[in-house]
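J.: Structure here, sequence nowhere to be found:
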């Protein structure tokens, strides 16, 4: 009887301890993301925005000289606002993470908008 009781206690302790310490997920089951950043500024004397997307590519830096292209029909994309650019990226499988602005001067065209987005790998 004592052996049965002792065996039962050991089984219960083992079951509870694995529940207590086994809560974490392994790295292989964690969702992995690719992050990018939409960077935009208002075009001087226009309602349009210059936008660029930083995928973390080599060379770094922000270049508004390289326009965003629609891969479906190879056309250059221009956006009416940063939300327009965000909606475009969300339609292509990206999720919004965070937004912030950087003020470079006193005018509206001196504000650079940053929208961090991510996509499941």
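T.: Ah, there it is. Being a predicted model, the structure only gives us computed values, none of them experimental.
J.: what lines up beside the host helix or strand of residue 41 in the sheet?
T.: According to DSSP states H and E, residue 41 maps onto strand 33-42. Using DSSP bridges, strand 33-42 pairs in its sheet with strand 49-54 (antiparallel), strand 111-120 (antiparallel).
J.: Show me the contact partners of the longest one.
T.: Taking contacts as Cβ atoms under 8 Å, 6 or more residues apart in numbering, the residues outside strand 111-120 that touch it are 31-42, 49, 82, 85-86, 89-90, 93-104. All C-beta atoms are positioned from the backbone trio N, CA, C, and that covers glycine.
J.: make it 6 Å
T.: Applying Cβ atoms under 6 Å, 6 or more residues apart in numbering, the external contacts of strand 111-120 come out as 33-41, 82, 86, 89, 93-103.
J.: Which among the residues you listed count as buried?
T.: 36-41, 82, 86, 89, 94 (16 or more other Cβ atoms under 10 Å).
J.: Tell me which two of these sit farthest apart.
T.: Farthest pair in the buried ones among the contacts of strand 111-120 (Cβ to Cβ) is 41 and 94. Separation: 20.2 Å.
J.: Point out where the protein drops to low pLDDT.
T.: 1-29, 59-67, 69-71, 107-109 (pLDDT under 70).
J.: those strands in it, which residues are they?
T.: Using DSSP state E, the strands of the chain run over 33-42, 49-54, 69-70, 75-76, 95-103, 111-120.
J.: Now do the phi/psi pair for the nearest residue to residue 48 once chain neighbours are set aside.
T.: Leaving aside its chain neighbours, residue 48 sits nearest to residue 78 (5.6 Å; criterion: Cβ to Cβ, 6 or more residues apart in numbering). Main-chain torsions, residue 78, degrees, to the nearest 10: phi -120, psi 150.
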